[in-house]
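# Task: produce atomic coordinates for the following.
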Amino acid sequence: MTEDNKRAAGHEVDLEDMVASSDSGARKPAGTPGKLLVGIAAVWSLFQLWIASPLPFMLGFGVFNATESRSIHLAFALFLAFMAYPALKRSPRDRIPIQDWVFAAVAAFCGAYMFLFYEQLAQRPGAPILQDVIIGVVGILLLLEATRRALGPPLMIVASVFLAYSLAGPWMPGILAHGGVSLYGLVNHQWLTTQGVFGIALGVSTSFVFLFVLFGALLDKAGAGNYFIKVAFSLLGHYKGGPAKAAVVASGMTGLISGSSIANTVTTGTFTIPMMKRVGFPSEKAGAVEVASSVNGQIMPPVMGAAAFLMVEYVGISYVQVIKHAFLPALISYIALIYIVHLEALKANMQGLESSNPPKPLVRKAIGFLGGLLLMMATALAVYYGLGWLKPALGDAAVWVVAAGLVVIYLALLKVGARYPELELDDPSQPVYKLPQTRPTVMVGLQYILPVIVLVWCLMVERLSPGLSAFWATVLMIFIMLTQRPLMALFRGKSDMAADIREGALDLWNGLVSGARNMIGIGIATATAGIIVGAVSQTGVGLVLADVVETISMGNLLLILFFTAVLSLILGMGLPTTANYIVVSALLAPVIIQLGEQNGLLVPLIAVHLFVFYFGIMADVTPPVGLASFAAAAVSGGDPIRTGFQAFYYSLRTAALPFLFIFNTDLLLIDVSLLQGILIFVVATIAMLIFAAATQGFMITRNRWYESILLLLVAFTLFRPGFWMDQIHDPYREVPPAQFVEALGNVDEDSTLRLQIAGLDAFGDPMTTYMTLPVPEGETGQERLDNLGLMLLIEDDKAVVDMVTYGSQAAQLGFEFDQEIIQVLAPVDRWTKELMWIPAFLVFGLIVVLQRRRRDRTAAAASA
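This is a model prediction of the structure:
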């Protein structure tokens, strides 16, 4: 082995250690302990598949309720955490010390305590005995140690602070003081109920997240990760800055199924970063492009780093709605990143890599693309309506017919793929001079798309639960892994059936082990984040945080959002995506909602959760703790801090989006029609590209300073046209509170009124808040008021709430007895806000003309 190859091999081992230490555990013991480690990991995967499947209910055994499942899930995670993660950097990696065996066994017992003693605990709710308290204290301490090992100190420290805060409440200063919690009360709340460690977050990890992580691991072991990278490079590698564009697309595709920014960065970056450097990207910029695209994978549906499933529980809307609201911002953010890469290539006059595709005229390319698109659309419609007709006709047999149809399609895809040479794994240490051909590369791995289609179909069309959807997609993935090698070899006429089946089974085994090991950190993170959520619910610290933010921001809406964003960045530093979202949503989402309502900003709950989620994710990029930036710098050889700052600069578009969709919820496709949605997507994409050009200081040629300012203004206008229209024409007219009933009768049924209410807060202190009142059905104002479930007392020019019907719409909106309606704002007819797009596009057109003239003059001078 040459010196260069040795260095490359050593570099690859370092990268594997980096991913392992953050995702799957760096310890790889030999002999029986190693077999036990991988065996238990595989058993965990099989257990999760079992509880997600219909089999326990069909066979009548092995049925676990939600609490029991969470307890077993945590027991596996804790046991594997002490087995797979060394205590210290100098701890042995090739064996498991005796103390770690003891810790693993005790931690697993404490984790499984809710399952093992479920009936006894159910007979003494809220009254723990000494045994319960000892188990709870030991369990919490070992959970914190497992967190330190698997995720580093930040989350462990934050959770410890919240535990200390719960116990030390009476001795805390000023507004931080609270009544305090006894040790028995703390253990009962955190370890023996579903309010703390075993709360919603661990439940989501148990029910949904594991299966999606396992599905991603199986896809990767089957060869889909390599396939996605090769396809992206074959399609985009020959354009200006092509490897960087391919990196963005490849990271986006792997981010769809990946739950880790760091693993995504290293997996795709190992191939993409050297290629980016080859076409002229400096080390820091090559690493930064990979970081920006990998971290963006966490905001991309359907998985969103597992946050999508948590939002379902926290926000109380369906999974399909979460995907619908999150899709547009994520997509336009990715499109803008490709454009940023293009601008970098233009600025440095970079070229792409040599293409292997035969040259085709542009018209032929366009016809081929449109033809393929129309064929896909026609196939999707045929399948949709075909199944809609078949299912009622076939009844119970429909499942078997659909399964047979999938097998036929799978065999056909393998038959097509067998005509082309098998994809080989590239050596990242070797330079790539020529790109793979597009057609053979795409065709040889089409079977990997099938499970993804099944997953999306089950989620979006069949509307199955995320867990059941992932289960069926995983079952198909397992079938593919066991059969693709022997069948592909058979179609190629060079079959060695026994060896091929053995290799497929080994891939499956490795996928089961890898999926479980990738879940250790997520399982531990969701349990530890549950401590923080439990402390918030037990102490009311969320209200204190709202007071702090309001005091600092002096009630200014933009400052409230800015400080919340900064706090999300700070809290998210060093935390994995899942724990990150749980912490920032538990602490900061209520802050925005409460302070927003008090200051006239009425925002849907999903918009608030996406806001804190985006800024929590940004912590993976932001120096000095941006873990993904350190991973990318290890690949590129660049400086990690400079890589982090460059990645943050590229990610400005991601940081701007949350502020925009808070003030313009059209970007989240809330209450918009299909045609409106398409128009918003087109205009928002153009606006984001203009924003990217402004922040990069380059569009057609290098920007003048005033052009960058004008471009930012144009982008803002396209994103939020309502801001300027509100300056021209107020969207509401004020109605005297005493005329509230008349105002309710005069507006359209599909309209809303905006009210300012004065009352008392949870502590009995005076408070004013705003609310949006959807107009209920009814012919008259009084009839609508009755349907609302509200009775008012009108005195002089005052309107006071006299009674609220229990369970009515008014009660759900937050009306309470003795509140006073102090302001009523009714909507008015005005010009549509989208008219503001016209002057924005005119200004943009002027800048385009100016830059083209300047570019042409420069080119003419250079040629002369």
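# Quick check: Leu49 touching Thr474?
Yes - at 6.8 Å, Leu49 counts as touching Thr474 under the criterion of CB atoms under 8 Å. Where C-beta positions appear, they are placed from N, C-alpha and C, glycine not excepted.
# between these two, which one's more packed in?
Legend: neighbour count by other CB atoms under 10 Å for Leu49 and Thr474, higher for Thr474 (28 against 20).
# How about the secondary structure of that one?
Assigned by DSSP: H, G, I helix; E, B strand; the rest coil, the conformation of Thr474 is helix.
# Could you find the closest non-adjacent residue to Val401?
Leaving aside its chain neighbours, Val401 sits nearest to Leu394 (5.6 Å; criterion: CB to CB, 6 or more residues apart in numbering).
# Which of the helices or strands spans the one you found?
Leu394 is located in helix 362-394, with elements delineated by DSSP states H and E.
# In the sheet, which strands lie alongside the strand or helix carrying Ile822, parallel or antiparallel?
Assigned by DSSP H and E, Ile822 falls within strand 820-827. Taking DSSP bridges as the criterion, strand 820-827 forms sheet pairs with strand 732-735 (antiparallel), strand 752-760 (antiparallel), strand 798-804 (antiparallel).
# Please work out the average pLDDT along the one helix or strand Leu850 maps to.
Under the criterion of DSSP H and E, Leu850 resides in helix 837-863. In this model, helix 837-863 has an average pLDDT of 89.
# helices and strands around that helix, which ones?
helix 705-719 (3 or more CB pairs under 8 Å, 6 or more residues apart in numbering; DSSP states H and E).
# how far out from the middle of the chain is the helix it packs on?
Chain-centre distance of helix 705-719: 29 Å, with CA atoms, centre = their mean, to the nearest Å.
# likewise stretch 851-864?
Chain-centre distance of stretch 851-864: 45 Å, with CA atoms, centre = their mean.
# Help me confirm that the residue nearest to Val401 comes into contact with Ala403.
No - using CB under 8 Å as the test, Leu394 is too far from Ala403 to be in contact (11.9 Å).
# could you say which helix or strand contains the closest residue to Ala308 other than its chain neighbours?
Setting aside the residues directly before and after it, Ala308 is nearest to Val322 in space (CB to CB, 6+ apart), at 5.2 Å. Here Val322 sits within helix 319-347, counting by DSSP H and E.
# How about that helix, which residues are buried there?
319, 321-346 (16 or more other CB atoms under 10 Å).
# One more: stretch 52-72?
Buried residues in stretch 52-72, counted by 16+ other CB under 10 Å: 52-53, 64, 67-72.
# Columns secondary structure and pLDDT on top of those residues, output as JSON lines?
Formatted as JSON lines, these follow (DSSP: H, G, I helix; E, B strand; the rest coil; pLDDT from 0 to 100):
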{"residue": "Ala52", "secondary structure": "helix", "pLDDT": "90"}
{"residue": "Ser53", "secondary structure": "coil", "pLDDT": "89"}
{"residue": "Phe64", "secondary structure": "coil", "pLDDT": "91"}
{"residue": "Thr67", "secondary structure": "helix", "pLDDT": "91"}
{"residue": "Glu68", "secondary structure": "helix", "pLDDT": "92"}
{"residue": "Ser69", "secondary structure": "helix", "pLDDT": "94"}
{"residue": "Arg70", "secondary structure": "helix", "pLDDT": "94"}
{"residue": "Ser71", "secondary structure": "helix", "pLDDT": "95"}
{"residue": "Ile72", "secondary structure": "helix", "pLDDT": "95"}
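# still on that earlier bit, tell me which of the strands paired with strand 820-827 lies nearest to Leu558.
Judged by CB to CB, the one of those that comes nearest to Leu558 is strand 752-760, at 19.8 Å.
# what's the next secondary structure element after the closest one?
Using DSSP H and E, the helix or strand that follows strand 752-760 in sequence is strand 766-774.
# same for that following strand, what does it pack against?
So strand 766-774, by 3+ CB pairs under 8 Å, 6+ apart, packs with helix 577-598, strand 752-760, helix 809-813.
# Could you rerun that using 7 Å?
helix 577-598, strand 752-760 (3 or more CB pairs under 7 Å, 6 or more residues apart in numbering; DSSP states H and E).
# now, of these, which is deepest in the fold?
Compared across the helices and strands packed on strand 766-774, helix 577-598 shows the largest average neighbour count, a mean of 25 (mean count of other CB atoms under 10 Å).
# And for the next helix or strand after that one, what's in contact with it?
Scanning forward in sequence from helix 577-598 by DSSP H and E, the next helix or strand is helix 605-618. The contact list for helix 605-618 (CB atoms under 7 Å, 6 or more residues apart in numbering) reads 295, 298-299, 307, 311, 314-315, 317, 322, 325-326, 564-565, 568-569, 572, 577, 580-581, 584-585, 588-589, 592-593, 651, 654-655, 657-658, 661-662, 665, 668.
# for stretch 404-415, which positions count as buried?
Within stretch 404-415, the residues scored as buried using 16+ other CB under 10 Å are 406, 410, 413-414.
# Just flag the most distant two among these.
Farthest pair in the buried residues of stretch 404-415, by CB to CB: Leu406 and Leu414, 12.6 Å.
# Excluding sequence neighbours, find me the nearest residue to Leu390.
Nearest non-adjacent residue to Leu390, counting by CB to CB, 6+ apart: Ala398, 6.0 Å away.
# Now do the lengthiest helix in the chain and helix 577-598, the angle between them.
Identified as the longest helix of the chain according to DSSP state H is helix 497-539. Taking axes from the mean of the first three to the mean of the last three CA atoms, to 10 degrees, one finds that helix 497-539 is oriented at 40 degrees with respect to helix 577-598.
# average pLDDT across helix 497-539?
The average pLDDT for helix 497-539 rounds to 88.
# and after that helix, which helix or strand comes next?
Per DSSP H and E, the first helix or strand lying C-terminal to helix 497-539 is helix 541-553.
# Just give the number of residues close to Pro451.
Pro451 has 27 neighbours, counted by other CB under 10 Å.
# wait, it sits on Val475?
No - between Pro451 and Val475 there is no contact under CB atoms under 7 Å: 9.0 Å.
# Buried residues of stretch 276-284, list them for me.
Residues of stretch 276-284 classed as buried: 276-277, 279-284 (neighbour count, 16+ other CB under 10 Å).
# And for stretch 27-43, what's in contact with it?
Residues contacting stretch 27-43 (CB under 7 Å, 6+ apart): 79-80, 83-86, 93-96, 509, 512-513, 516-517.
# Buried residues, that stretch. List them.
27-29, 34, 37-38, 40-42.
# Tell me the one of those nearest Gly242?
Using CB to CB, these come closest to Gly242 at Lys28, 36.9 Å.
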